[in-house]
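In: return a 3D structure for these sequence lines:
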Amino acid sequence: MQDKLHQPYRQTLIPGLTKIVESMTPENQPGLLGVCLSGAGPTILALATSNFDEIANKIMDMFKQQGIVCSWKLLEPADGTTVTRVS
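Out: Numbers count the residues shown, from 1 in each chain. The predicted structure follows:
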(Lines give C-alpha, C1' and ligand atoms only; values in the text may rest on other atoms or scores of the structure.)
Protein backbone atom coordinates (compact mmCIF):
# COMPACT_ATOMS: atom_id res chain seq x y z
CA MET A 1 0.00 0.00 0.00
CA GLN A 2 1.83 3.04 -1.23
CA ASP A 3 -0.24 6.16 -0.82
CA LYS A 4 1.62 8.93 -2.61
CA LEU A 5 -0.98 11.69 -2.07
CA HIS A 6 -1.14 12.37 1.65
CA GLN A 7 0.72 9.71 3.60
CA PRO A 8 4.30 10.79 2.78
CA TYR A 9 3.55 14.25 4.17
CA ARG A 10 1.47 13.24 7.17
CA GLN A 11 3.29 10.12 8.35
CA THR A 12 6.23 12.22 9.53
CA LEU A 13 3.84 13.88 12.01
CA ILE A 14 3.18 10.54 13.74
CA PRO A 15 6.28 9.32 15.62
CA GLY A 16 7.16 5.79 14.58
CA LEU A 17 4.78 5.49 11.63
CA THR A 18 7.48 5.69 8.96
CA LYS A 19 9.35 2.81 10.63
CA ILE A 20 6.14 0.78 10.91
CA VAL A 21 5.12 1.30 7.28
CA GLU A 22 8.62 0.46 6.03
CA SER A 23 9.29 -2.52 8.31
CA MET A 24 5.90 -4.25 8.45
CA THR A 25 5.49 -5.89 5.04
CA PRO A 26 3.69 -8.93 3.64
CA GLU A 27 7.11 -10.45 2.94
CA ASN A 28 8.20 -10.46 6.60
CA GLN A 29 4.86 -10.58 8.41
CA PRO A 30 2.64 -13.59 7.64
CA GLY A 31 -0.99 -12.62 7.06
CA LEU A 32 -0.32 -8.90 6.55
CA LEU A 33 -1.44 -7.27 3.32
CA GLY A 34 -0.26 -3.75 4.17
CA VAL A 35 -0.19 -0.87 6.65
CA CYS A 36 -1.17 2.74 6.00
CA LEU A 37 -2.32 5.96 7.60
CA SER A 38 -6.11 6.02 7.41
CA GLY A 39 -7.36 9.36 6.15
CA ALA A 40 -5.83 12.33 7.93
CA GLY A 41 -5.07 10.18 10.98
CA PRO A 42 -4.70 9.31 13.77
CA THR A 43 -5.98 5.89 12.70
CA ILE A 44 -3.53 3.36 11.31
CA LEU A 45 -5.02 0.69 9.06
CA ALA A 46 -3.43 -2.74 8.85
CA LEU A 47 -5.10 -5.04 6.35
CA ALA A 48 -4.54 -8.69 7.14
CA THR A 49 -5.92 -12.16 6.51
CA SER A 50 -4.53 -13.84 9.65
CA ASN A 51 -2.21 -13.33 12.66
CA PHE A 52 -4.22 -10.29 13.77
CA ASP A 53 -3.01 -10.29 17.39
CA GLU A 54 0.65 -10.64 16.39
CA ILE A 55 0.45 -7.86 13.80
CA ALA A 56 -1.42 -5.50 16.13
CA ASN A 57 0.95 -6.15 19.02
CA LYS A 58 4.04 -5.52 16.88
CA ILE A 59 2.61 -2.20 15.68
CA MET A 60 1.56 -1.18 19.20
CA ASP A 61 5.02 -2.10 20.55
CA MET A 62 6.68 0.14 17.95
CA PHE A 63 4.38 3.01 18.90
CA LYS A 64 5.01 2.35 22.61
CA GLN A 65 8.75 2.86 21.97
CA GLN A 66 7.78 6.37 20.79
CA GLY A 67 5.72 6.99 23.92
CA ILE A 68 2.41 6.44 22.13
CA VAL A 69 -0.07 4.13 23.81
CA CYS A 70 -2.78 2.86 21.48
CA SER A 71 -5.39 0.16 21.12
CA TRP A 72 -6.63 -1.93 18.23
CA LYS A 73 -9.89 -3.25 16.90
CA LEU A 74 -10.58 -6.12 14.55
CA LEU A 75 -13.09 -5.03 11.94
CA GLU A 76 -14.90 -7.25 9.47
CA PRO A 77 -15.53 -6.20 5.86
CA ALA A 78 -19.12 -5.22 5.09
CA ASP A 79 -21.28 -7.85 3.42
CA GLY A 80 -20.72 -7.90 -0.31
CA THR A 81 -17.21 -6.41 -0.04
CA THR A 82 -14.47 -8.01 -2.11
CA VAL A 83 -10.83 -7.49 -1.15
CA THR A 84 -8.12 -8.45 -3.64
CA ARG A 85 -4.38 -8.06 -3.50
CA VAL A 86 -2.77 -6.34 -6.45
CA SER A 87 0.94 -7.02 -6.88
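
In: report how many residues lie close to the spatially closest residue to residue 65 that is not a sequence neighbour.
Out: Among residues not flanking residue 65 along the chain, residue 16 sits closest, at 6.7 Å (CB to CB, 6 or more residues apart in numbering). All C-beta atoms are positioned from the backbone trio N, CA, C, and that covers glycine. The local packing of residue 16 (other CB atoms under 10 Å) involves 18 other residues.

In: need the contact list for residue 16.
Out: Residues counted as contacts of residue 16 (CB atoms under 8 Å, 6 or more residues apart in numbering) are 62, 63, 65, 66, 68.

In: tell me which of those fall in helices.
Out: 62, 63, 65 (DSSP state H).

In: now, of those residues, which are buried?
Out: 62, 63 (16 or more other CB atoms under 10 Å).

In: dump the ones in helices among the contacts of residue 16 to TSV, plus distance to residue 84 and pLDDT.
Out: Compiled in TSV, the ones in helices among the contacts of residue 16 are given as follows (distance: CB to CB, whole Å; pLDDT from 0 to 100):
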residue	distance to residue 84	pLDDT
62	28	95
63	29	94
65	33	95
